[in-house]
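**Student:** generate coordinates for the sequence data below:
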Amino acid sequence: MIRLWWLAFVASFVGCGGKWADADTKSATDAVRAQLLVQSICAPDAGCPPAQVRALERASLCSNESMLFRHGHAVPDGGPECRP
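**Tutor:** Got it, this is the predicted structure:
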């Protein structure tokens, strides 16, 4: 499910004609890696440590927000504050 959402997110940039920058590649890679780490630490036999999951989810969110900001799109309000 996360990967499908991610593909839709990336496709929205490509479909809108926004240029893909090196910084976008880094942000996208970081976001995907964070999500994969969440999946690995929440394996059925490992449990799911809340603090680690929150930190990884925040890292993924901030990576995605940075791409939105670079392309001039509105960044949703109401989440953790991301800093450049």
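
**Student:** contacts, neighbours, all on C-alpha from now
**Tutor:** Noted.

**Student:** please tell me how far Cys62 sits from Val75.
**Tutor:** 10 Å (Cα to Cα, to the nearest Å).

**Student:** these two - which one has more neighbours?
**Tutor:** Taking other Cα atoms under 10 Å, Cys62 and Val75 do not tie; Cys62 has more neighbours (21 against 13).

**Student:** now that one: which helix or strand?
**Tutor:** For Cys62, the host element (DSSP states H and E) is helix 50-70.

**Student:** send over that helix as PDB, restricted to the C-alpha atoms.
**Tutor:** Written as PDB, here are the backbone C-alpha positions of helix 50-70 (Å, rounded to 0.1, in the frame of the first residue of the first chain):
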ATOM      1  CA  PRO A  50       6.600   3.300  18.600                       C
ATOM      2  CA  ALA A  51       9.400   5.800  19.000                       C
ATOM      3  CA  GLN A  52      11.400   4.400  16.100                       C
ATOM      4  CA  VAL A  53       8.300   4.200  13.900                       C
ATOM      5  CA  ARG A  54       7.400   7.800  14.700                       C
ATOM      6  CA  ALA A  55      11.000   9.000  13.900                       C
ATOM      7  CA  LEU A  56      11.100   7.100  10.600                       C
ATOM      8  CA  GLU A  57       7.600   8.300   9.600                       C
ATOM      9  CA  ARG A  58       8.600  11.900  10.400                       C
ATOM     10  CA  ALA A  59      11.800  11.500   8.200                       C
ATOM     11  CA  SER A  60       9.600  10.200   5.300                       C
ATOM     12  CA  LEU A  61       7.100  13.000   5.700                       C
ATOM     13  CA  CYS A  62       9.800  15.700   5.800                       C
ATOM     14  CA  SER A  63      11.500  14.200   2.700                       C
ATOM     15  CA  ASN A  64       8.100  14.300   0.800                       C
ATOM     16  CA  GLU A  65       7.400  17.900   2.100                       C
ATOM     17  CA  SER A  66      10.700  19.100   0.800                       C
ATOM     18  CA  MET A  67       9.900  17.900  -2.700                       C
ATOM     19  CA  LEU A  68       6.500  19.600  -2.600                       C
ATOM     20  CA  PHE A  69       8.200  22.800  -1.400                       C
ATOM     21  CA  ARG A  70      10.900  22.700  -4.100                       C
END
